[in-house]
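A.B. asks: task: produce atomic coordinates for the following.
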Amino acid sequence: MLVAAAVCPCPPLLVPEVAAGAAGELADARTACTDALAVLAASRPDLLVVVGPAAGAAEEGPYPQGSRGSFHGFGVATEVRLGRAGDPAVAGVAPADPESPLPASLAVAAWLLERTDWAASPVTALAVGADRDPESCLAGGRTLAETAERVAMLVMGDGSACRTLKAPGYLDERAAGFDAAAARALGAADTAALAALDPALARELQAAGRAPWQFLAGAAEGAGLAGRLLYEDAPYGVGYFTAAWS
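C.D. replies: Sure thing, here's the model as predicted:
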């Protein structure tokens, strides 16, 4: 059963070494992520499941505790591991494959967990593709919620990438409305509103968080969780949100 969730943005720029001189621009986002992870730890879960977007089909699938990632592709030597070394493996999950490094979204999650010295429970992760339809995401979330008696989720994902002329996807007038609806749903733990997010519109707006958020919606069905929106902004023309559900 899902007992808590944290929603965080997943730009590699969250990692100060990647952001370099611009690290201060996302300081508030990092603080909000730390606060959201504190809610997860306080829930005393038996298992933490991290869900984030895959950049392509080759990245989709499960990543067990111990999986490694890095930010070498962004020009820095920073490396991360999912879960602490020496922690017990998650029952029924195969050992980490050194040939399958963490996707960027999950590497950011691993960095956040290392930064907060996560020790509350074992960890496993799943990277989901942008083409997953809502019903498949909801069903997947329901399955994740049943993997342990007390499950917490760390859900990584960004909103639209079309908020300004300089945004990665250029300016799209629909982006602000999409992000506002997503922010309201995440802040209110509104699973129905998250489930209703349009995958076609999300794809056009390059909103990578849509599928992970709908996994959360499926996992949280009937859990009775309340939400708080801890951070909402669109630096670089991309919608970033942090929320805590408990």
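A.B. asks: mind listing the helices for this protein?
C.D. replies: Using DSSP state H, the helices of the chain run over residues 16-19, 27-42, 104-115, 134-145, 175-188, 191-195, 199-204, 210-220.
A.B. asks: can you pull up the most central residue in the protein?
C.D. replies: For the chain, the residue nearest the mean C-alpha position is residue 156 (1.0 Å; Cα atoms, centre = their mean).
A.B. asks: touching, that residue and residue 106? I think so.
C.D. replies: Yes: look at residue 156 against residue 106 with Cβ atoms under 8 Å: they come within range, at 7.0 Å. C-beta here means a position set from N, CA and C on the backbone, and glycine is covered the same way.
A.B. asks: looking at the helices of the chain, which is buried most?
C.D. replies: Of all those, helix 210-220 has the most neighbours on average by mean count of other Cβ atoms under 10 Å, namely a mean of 28.
A.B. asks: between the helices of the chain, which one is closest to residue 240.
C.D. replies: helix 27-42 (5.8 Å; Cβ to Cβ).
A.B. asks: relative to helix 104-115, how tilted is that closest one?
C.D. replies: 70 degrees (axes from the mean of the first three to the mean of the last three Cα atoms, to 10 degrees).
A.B. asks: for the residue of the chain most remote from its centre, give me its contacts.
C.D. replies: Here the centre of the chain is the reference, and by Cα atoms, centre = their mean the most remote residue is residue 165, at 25.7 Å. For residue 165, the contacting residues are 171, 237, by Cβ atoms under 8 Å, 6 or more residues apart in numbering.
A.B. asks: where does it land on pLDDT?
C.D. replies: On pLDDT, residue 165 comes in at 96.
A.B. asks: what's the spacing between it and residue 50?
C.D. replies: Residue 165 sits 33 Å away from residue 50, taking Cβ to Cβ, to the nearest Å as the criterion.
A.B. asks: and the contacts of the helix or strand of the chain with the lowest mean pLDDT?
C.D. replies: Ranking every helix and strand in the chain by mean pLDDT, DSSP states H and E puts helix 16-19 at the bottom, with a mean of 92. With contact meaning Cβ under 8 Å, 6+ apart, helix 16-19 is reached by 12-13, 23, 25-26, 71, 74-78.
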